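Novice: next comes the sequence, and after it the predicted model I'd like to discuss.
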Amino acid sequence: MRVSDGYRGERVSDGYRGERVSDGGSSCVVGVAQLTSTTDIEKNFQEAERLLQVAKERSCAMVFFPETFAFLGESFHQSLKIAEPLDGPLFTRYCDLAKKYSMWVSYGGFQERNPSDPNKLFNTHVIVDSDGKIVSVYRKIHLFDVNYPQEFRESSFTEAGGEVVVAESPAGQLGLSVCYDLRFPELYSALRLRGADVLLVPSAFTFRTGLAHWEPLLRARAIETQCYVIAAAQGGKHNDKRHSYGHAVIINPWGEVLVDCGGGELGPNSDGSVGRLGVAEVDAAILAGVRMKMPVCEHRRPDLYKP
Ligand SMILES: O=C(O)CNC(=O)[C@H](CS)NC(=O)CCC(=O)C(=O)O
């Protein structure tokens, strides 16, 4: 197996990174989180709070957390057992955290109890505003039913959502998704056509599939939709059975990686904490510039794409 040490050579480019359009809109500093969540709900919460403090110090207006930020189980049964409604005590604490730090937050994958079936939760991505109010809810629509790196049947404990969601925020119009959704480009094309400027892909990618596919898929989504991509991630070893790829990133609409939190195998920070925060700027003037110079959205031929 090829294991990367994170070095990818130096990029050779002509320096073009999209042009700013002077009246193209405002910019916003945002933070992308990388976590190593476990079954310790209290510790996961404390780490989220620590990263919000860091984000505040670094003047972020919004922070993005990965899938399974609140709990990463060792079995599907555990995840079902801790699942709660969004107005339950656990998610309410996370809403209060957004309010305490006066920060918009994307909570990228909460085990939401399904009121009509106790044996199937929803994998739910929630946007909370700086007053701690839930403003948008997206339930993962593509479920990870695969046989590599091992057999996984997300649908055995998760019910698929049925809605594509775009949400307004200080960072622009957000297009919501979760993890395995990343492999379905039609979703992101639909999000762009509905007005998204920033695509969110909070994830818990497996180490092996991440090594093979994570960055090329994310950069392709940014380039083809001409959107920013913010992909919060789980990274490192959660338990004896699970190891996530890491590399939480923010990518601009020209496809350049602006910040990369590194591989999960790098281990804890010098102070023993495990979470990391990558900070970058989402600039509406860059979006406008890239879209003006190369108007791919106007060149689509949906009349010819029908199956
Ligand atoms: O299991 C949980 O607790 C929460 N859910 C997840 O972590 C999900 C479904 S099992 N993981 C992915 O979608 C990984 C996708 C991936 O790795 C790929 O597309 O290659």
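Specialist: Done, it's in. Numbering: from 1, shown residues only.
Novice: CA only for contacts and neighbour counts going forward, please
Specialist: Fine.
Novice: look through the protein and state the residue closest to the ligand.
Specialist: F205 (3.4 Å; Cα to the nearest ligand atom).
Novice: what is the neighbour count of that residue?
Specialist: By other Cα atoms under 10 Å, the residues close to F205 number 22.
Novice: any idea how far it lies from I82?
Specialist: 21 Å (Cα to Cα, to the nearest Å).
Novice: show me what contacts the residue lying closest to M103 once chain neighbours are set aside?
Specialist: Among residues not flanking M103 along the chain, S130 sits closest, at 4.4 Å (Cα to Cα, 6 or more residues apart in numbering). By Cα atoms under 8 Å, 6 or more residues apart in numbering, the contact set of S130 is A98, K99, Y101, S102, M103, W104, V105.
Novice: so which helix or strand takes in S130?
Specialist: Counting by DSSP states H and E, there is no helix or strand that carries S130.
Novice: how close does it get to V229?
Specialist: In terms of Cα to Cα, S130 sits 21 Å off from V229.
Novice: quick check: R219 is in a helix.
Specialist: Yes. With DSSP: H, G, I helix; E, B strand; the rest coil as the criterion, R219 is located in a helix.
Novice: quick check: it touching G255?
Specialist: Yes. R219 lies in contact with G255 (Cα atoms under 8 Å); the separation is 5.1 Å.
Novice: what parts of the stretch 151-300 of the chain come near the ligand?
Specialist: E154, C179, Y180, A204, F205, T206, T209 (Cα under 6 Å from any ligand atom).
Novice: pLDDT value on the fourth one, please?
Specialist: According to the per-residue confidence, A204 scores 98 in pLDDT.
Novice: next: the last one.
Specialist: pLDDT for T209: 97.
Novice: packing partners of whichever strand or helix holds it?
Specialist: Secondary structure from DSSP H and E places T209 in helix 207-209. When contacts are defined as 3 or more Cα pairs under 8 Å, 6 or more residues apart in numbering; DSSP states H and E, helix 207-209 sits against strand 243-245.
Novice: other residues contacting whichever helix or strand comes after the strand it packs on?
Specialist: Per DSSP H and E, strand 243-245 leads on to strand 249-251 as the next helix or strand towards the C-terminus. Strand 249-251 is touched from outside by 32, 218-219, 222, 228-232, 257-261, 278, 280, with contacts defined as Cα under 8 Å, 6+ apart.
Novice: just the buried members of those residues?
Specialist: The neighbour count (16 or more other Cα atoms under 10 Å) marks 32, 218-219, 222, 228-232, 257, 259-261, 278, 280 as buried among those.
Novice: now, which of the residues you listed lie within strands?
Specialist: Using DSSP state E, the subset of those located in strands is V32, Y228, V229, I230, A231, V257, V259, D260, G278, A280.
Novice: quick one: the helices in this protein?
Specialist: Assigned by DSSP state H, the helices in the chain fall at 41-57, 76-82, 89-100, 185-193, 207-209, 215-225, 284-293.
Novice: buried ones in the longest one?
Specialist: To tie it back to what came earlier, the one meant is helix 41-57. N44, F45, E47, A48, E49, R50, L51, L52, A55, K56.
Novice: quick one: is that helix near the ligand?
Specialist: No. Using Cα under 6 Å from any ligand atom, helix 41-57 stays clear of the ligand, with a minimum separation of 13.0 Å.
Novice: check which helices and strands that helix sits against.
Specialist: Checking 3+ Cα pairs under 8 Å, 6+ apart, helix 41-57 ends up next to strand 27-35, strand 276-283.
Novice: again, but for the fourth one
Specialist: Taking 3+ Cα pairs under 8 Å, 6+ apart as the contact definition, the neighbouring helices and strands of helix 185-193 are strand 174-175, helix 215-225.
Novice: picking that back up, now the helices and strands packed on helix 41-57 in a markdown table, with mean pLDDT?
Specialist: Formatted as a markdown table, these follow (pLDDT from 0 to 100):
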| stretch | mean pLDDT |
| --- | --- |
| strand 27-35 | 97 |
| strand 276-283 | 97 |
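Novice: hey, which of these is tucked in deepest?
Specialist: strand 27-35 (a mean of 25; mean count of other Cα atoms under 10 Å).
Novice: which helices and strands does it pack with?
Specialist: Going by 3+ Cα pairs under 8 Å, 6+ apart, strand 27-35 lies up against helix 41-57, strand 62-65, strand 233-237, strand 276-283.
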